[in-house]
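> Structure of the sequence below:
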Amino acid sequence: MASNDAAPDPFPSASTTPSAPAPGRGTRGLSRRRALALPPAIAALVALGGCGVFGGSARAQAYDTDAVHREIPLEEAPGAPDAATACAALSESLLRFRLGEEPGANALTCPVGTALTIALLYAGSDAPADGVEELLGVSAVEAADADSGTTRDLTWSALQNSLLIYEPTEAQLKNFNPKAIPETPLLHIANRVLLVGDDPAVEQSYLDAAREWYAATTEHTARSNAKAALDAWAKLHTGGLIKSSGIEITEDTRLVLQNALLFAAQWAWPFNANDTADEAFTLSDGAVVTARLMHDRFFLPYVQGEGWRAVRLQYAEGSGRNVMDVILPDAGTAPADLPTCTWASASAALDAYAYEHPYEQLHEVRLALPTFDLAPGPVDLLAFLKAQGIELDSLEHIGENLEVDQAVQQVRLMVKEEGTMAGALTEMEIADSAVNTTPDEAVSFTVDHPFVVRIFDQMTGLVLIEGVIMDPTAAAE
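Numbering: from 1, shown residues only. Sure, this is the predicted structure:
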């Protein structure tokens, strides 16, 4: 289990508020190609590798940029629906890839974290690697307005901004308790560029674009301190759900990109813990384990299609934007055996049903759902992307002779009587070279064999967390 200790503030000197722009500088200014060179005083401290400002702790030094983060409204990103669709396809592809490697294992992914990290990698670039545009669902070509950057940056910046209606305060983040779901919903997203070593030689225009479009902070650390700095940032921005970075620092590491997501929300209608009981859960190989199943009767959106059924659970929040869909294949059918796009189609069918039916017309559902706390371990995103034919090259906008050497994602998902908690960390190390049916009576929906969960934002359609739960009794690693 995650520690109950509040995460410390590892970056007291790293302000998230950018410096004011230089006089006369517009927001466009991303065409300048000034390579980053550290001031001599800072370079000397870095060379000491454990003295002075870096002093053997998890601290990283903030690096100034005169870029200002632009808060793009969603209505200015007409490509957002296509990007959300691409994000859902990315999610399913990654989960099916993982299940192909380990058919009986749990698989979790944070597709919005993967998409935002790739978008951050190509911030300001009009020539991303082949396949990246299709993966993100948008084109990298420049928008009609010369001050609008690329369509890709405009779209994903707007999508990121639109998710931040439940962004915690700095104090709430520092004091987050990973053992208690807060009364107020929380959805936190953060991006960082960490420069490593005494001469990272990264283009200033890239750092400006990362800040302008994705609100990324830029910090710098000695190579000897880099792992500690990565770990501390990961723990803070995932609320302690993920305690350490998945990146291995090498002599070739020039910079690391980090994206974190933290989600916590109580159910609109919590389960009664007194009704939770030990019950049989049948695994895909026919073996039976004992899982803790929550029980209650709710009025819920309910749909079914060929070989599956699905319900939607609402979180306790004013806007009603975030929901969790549970897609249950017929007994004897594994989630991966359902046709491609079935999981997303089930959510679309629930969307349509919820839109067409007021609360008093929802189905009464006798729901039995396992509790779980799952963290399947780090996932190698590079292996997945290569299987899709995508090489994350064309990094000249960041610096010379660079390649993505590592791309790792870690996800933890907890579902219990009170609600849901999830944390995700996506990192890249850059180095030198359905059909609805309407039953008339209460529906019994007992989740006692492998199933799919999808937590997503209804306004944007973005999938925050998706998982195939093969064994809810598996302990978080």
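
> quick one: the strands in the stretch 1-150 of the chain?
For the stretch 1-150 of the chain, the strands defined by DSSP state E, counting those that start in this stretch cover 61-62, 107-109.

> element containing Phe263?
Using DSSP states H and E, Phe263 falls within strand 253-266.

> Can you say which of the strands of the stretch 1-150 of the chain is nearest to Gln388?
strand 107-109 (13.8 Å; C-beta to C-beta). The C-beta positions use only the backbone N, C-alpha and C, and glycine is treated the same way.

> Let me know which of the strands of the stretch 1-150 of the chain is tucked in deepest.
Each of these was given a mean neighbour count from mean count of other C-beta atoms under 10 Å, and the largest, a mean of 26, is that of strand 107-109.

> contacting residues for the spatially most central residue of the chain?
Nearest to the geometric centre of the chain sits Gly113, at 3.0 Å (C-alpha atoms, centre = their mean). Gly113 is in contact with 259-261, 409, 424-426, counting by C-beta atoms under 8 Å, 6 or more residues apart in numbering.

> try Leu350
By C-beta under 8 Å, 6+ apart, Leu350 lies in contact with 301, 303, 310-312, 325.

> one more time with 7 Å, if that's ok
Neighbouring residues of Leu350 by C-beta atoms under 7 Å, 6 or more residues apart in numbering: 301, 303, 310, 312, 325.

> Pro168 versus that one, what's the distance?
Per C-beta to C-beta, to the nearest Å, Leu350 is found 28 Å from Pro168.

> and the contacts of Leu350, which two are the farthest apart?
Spanning the widest gap among those are Val303 and Asp325, at 9.7 Å by C-beta to C-beta.

> Run through this structure and note the low-pLDDT ranges.
The model of the chain has pLDDT under 70 over residues 1-58, 140-148, 318-319, 434-440, 477.

> Grab the longest helix from it for me.
The longest helix of the chain (DSSP state H) is helix 80-101.

> Check which helices and strands it is in contact with.
Here helix 80-101 touches strand 107-109, helix 111-121, helix 132-136, helix 151-162, helix 342-356, helix 381-387, strand 463-469, going by 3 or more C-beta pairs under 7 Å, 6 or more residues apart in numbering; DSSP states H and E.

> Redo those as TSV? Include distance to Glu101.
Converted to TSV, these look like this (distance: least, C-beta to C-beta, whole Å):
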stretch	distance to Glu101
strand 107-109	9
helix 111-121	17
helix 132-136	20
helix 151-162	28
helix 342-356	19
helix 381-387	9
strand 463-469	12
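
> Can you say which of these is nearest to Ser93?
helix 381-387 (7.6 Å).

> between Val303 and Asp325, who's got more neighbours?
Each of Val303 and Asp325 has its neighbours counted (other C-beta atoms under 10 Å); Val303 has more, 27 against 24.

> how deep is the nearest residue to that one once chain neighbours are set aside tucked in, by neighbour count?
Leaving aside its chain neighbours, Val303 sits nearest to Ala349 (4.3 Å; criterion: C-beta to C-beta, 6 or more residues apart in numbering). Using other C-beta under 10 Å, Ala349 has 21 other residues around it.

> cool, and the one 10 residues further on?
Number of residues near Tyr359 (other C-beta under 10 Å) recorded here: 10.

> correct me, but it touches Phe299?
Yes - between Tyr359 and Phe299 a contact is recorded at 6.5 Å, counting by C-beta atoms under 7 Å.

> how about Ile455, what does it touch?
Neighbouring residues of Ile455 by C-beta under 7 Å, 6+ apart: 263, 322, 324, 420, 422, 464-465.

> nearest to Thr282, of these?
The closest of the contacts of Ile455, once distances to Thr282 are taken by C-beta to C-beta, is Met324, at 22.1 Å.

> Against Val138, how distant is that closest one?
Counting by C-beta to C-beta, the gap from Met324 to Val138 is 27 Å.

> Nearest to Phe97 among the helices and strands packed on helix 80-101 would be which one?
Of all the helices and strands packed on helix 80-101, helix 381-387 comes closest under C-beta to C-beta, at 5.0 Å.

> so what does the next helix or strand after that closest one touch, helix or strand wise?
Remark: after helix 381-387, the chain's next helix or strand is strand 402-415, criterion DSSP H and E. For strand 402-415, the packing partners by 3+ C-beta pairs under 7 Å, 6+ apart come out as strand 107-109, strand 372-374, strand 379-380, helix 381-387, strand 419-432, strand 463-469.
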